[in-house]
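Make a model of this:
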Amino acid sequence: MNEPLVLLPPMMCDFRAFQPQLMGLSRECALHFPPLKNVDSIEAMAQSALEAAPEKFALAGFGLGGTVALEIARRAPGRLTRLALIDAHYMYETATIAAERDVQMARVRAGRLRDVMREDILAHFPQDQQPSNEYLEFVLAMATDLGPDYYQNQARALQRRPDQQGMLRRMRGFKTMIMCGQLNQQTQIKRHEFAANLIEDASIEIIPNSAYIASAEQPRAVNAALMTWMQQA
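Take a look at the predicted model:
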């Protein structure tokens, strides 16, 4: 595990989403936590993260960060030693979801960021397995600190994201792992299985009892999966 590991956060999250990884993996490899730049396109976020990354590195992206990681793999495959995509989006946004984001952005502009984020978090969980208030406050604190402008830009970036199915089929030269939360109602297991089948020699890891931010909800399982992936030849 000589190469550094770059971790890209989910939507409206910062380095705090990776505290368990800092505690569990930092003795094994150098960790880098570049923030997602406050811009309104996946392409611009990817370019900014590339500029902040080491010359050669392993890359793990969570949620929106996974979508950015996939764009980095498209732009600079020669700089990657391995790639992990966790609860990422691989396809373009449907018209229905894009329209829902427009409504959410309008509410955020009206001062309802916490309400919009709370509803989005809860929508990822099954109705009978809702998260604790402590967990909600943890995620909402990150979102509040980033603020409404960040939300607007990240939502627009997801609305405009490219379809990367063709990119998945063409990926070569680095070990790829697809990871997803077992309970995630927005990026369901079958979508990740489909994505893994498009990638040559990709592995897939299902994280039990995780629905939104796997790195924080099930840190031991995520760290174990990342360690195994980093040790693969």
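
Every contact and neighbour count from this point should use C-alpha atoms.
OK.

any idea how far Ala233 is from Pro9?
From Pro9 across to Ala233, the span is 26 Å (Cα to Cα, to the nearest Å).

More neighbours: which of these two?
When neighbours are counted by other Cα atoms under 10 Å, Pro9 and Ala233 differ, and Pro9 comes out ahead with 26 against 8.

which element is the residue lying closest to the more buried one once chain neighbours are set aside on?
Spatial nearest neighbour of Pro9, chain neighbours left out: Gly65 (5.0 Å); criterion: Cα to Cα, 6 or more residues apart in numbering. Using DSSP states H and E, Gly65 maps to helix 64-75.

the helices in this structure, which residues?
Taking DSSP state H to define them, one finds helices in the chain at 19-25, 42-52, 64-75, 95-109, 113-124, 133-146, 148-159, 165-170, 189-198, 214-217, 219-231.

What lies in contact with the second one?
Under the criterion Cα atoms under 8 Å, 6 or more residues apart in numbering, residues 34-39, 67-69, 71-72, 157-158, 160-161 lie in contact with helix 42-52.

and Tyr92, what pLDDT?
Looking at Tyr92, its pLDDT is 89.

Can you name the residues bridging to the residue nearest in space to the middle of the chain?
The centre of the chain sits closest to Phe62, judged by Cα atoms, centre = their mean, with a distance of 1.8 Å. Taking DSSP bridges, one obtains Ile86 as the residues bridged to Phe62.

Would you agree it is in contact with Leu83?
No: Phe62 lies out of contact with Leu83 (Cα atoms under 8 Å); the separation is 11.3 Å.

Can you pull the residues that touch both of those two?
In contact with both Phe62 and Leu83: no residue, using Cα under 8 Å, 6+ apart.

which residues sit against stretch 87-103?
Applying Cα under 8 Å, 6+ apart, the set of residues contacting stretch 87-103 is 61-67, 155, 158-165, 179-181, 187, 192, 195.

Please pick the buried ones from those residues.
Restricting the contacts of stretch 87-103 to buried positions leaves 61-67, 155, 158-159, 161-162, 164, 179-181, 187, 192, 195, with burial counted as 16 or more other Cα atoms under 10 Å.

Burial check on the residue lying closest to Leu122 once chain neighbours are set aside, number of neighbours?
Nearest residue to Leu122, sequence neighbours excluded (Cα to Cα, 6+ apart): Gln130, at 6.6 Å. Residues near Gln130, counting by other Cα under 10 Å, number 14.

And the spatially most distant residue from the centre of the chain, how far from Val103?
In the chain, counting by Cα atoms, centre = their mean, Ala110 sits farthest out from the average C-alpha position, at 26.7 Å. Separation of Ala110 from Val103 (Cα to Cα): 11 Å.

do the same with Asp163
Noted for Asp163: a distance of 23 Å to Val103, by Cα to Cα.

Repeat that for Gln182.
28 Å.

ok, those two, which is more surrounded?
Gln182 (19 against 13).

mind listing what the more buried one touches?
Contacts of Gln182 (Cα under 8 Å, 6+ apart): Gln188, Ile189, Ile206, Ile207, Pro208, Asn209, Ser210, Ala211.

excluding its backbone neighbours, what's nearest it?
Going by Cα to Cα, 6+ apart, Gln182 has Pro208 as its nearest residue, at 5.1 Å.
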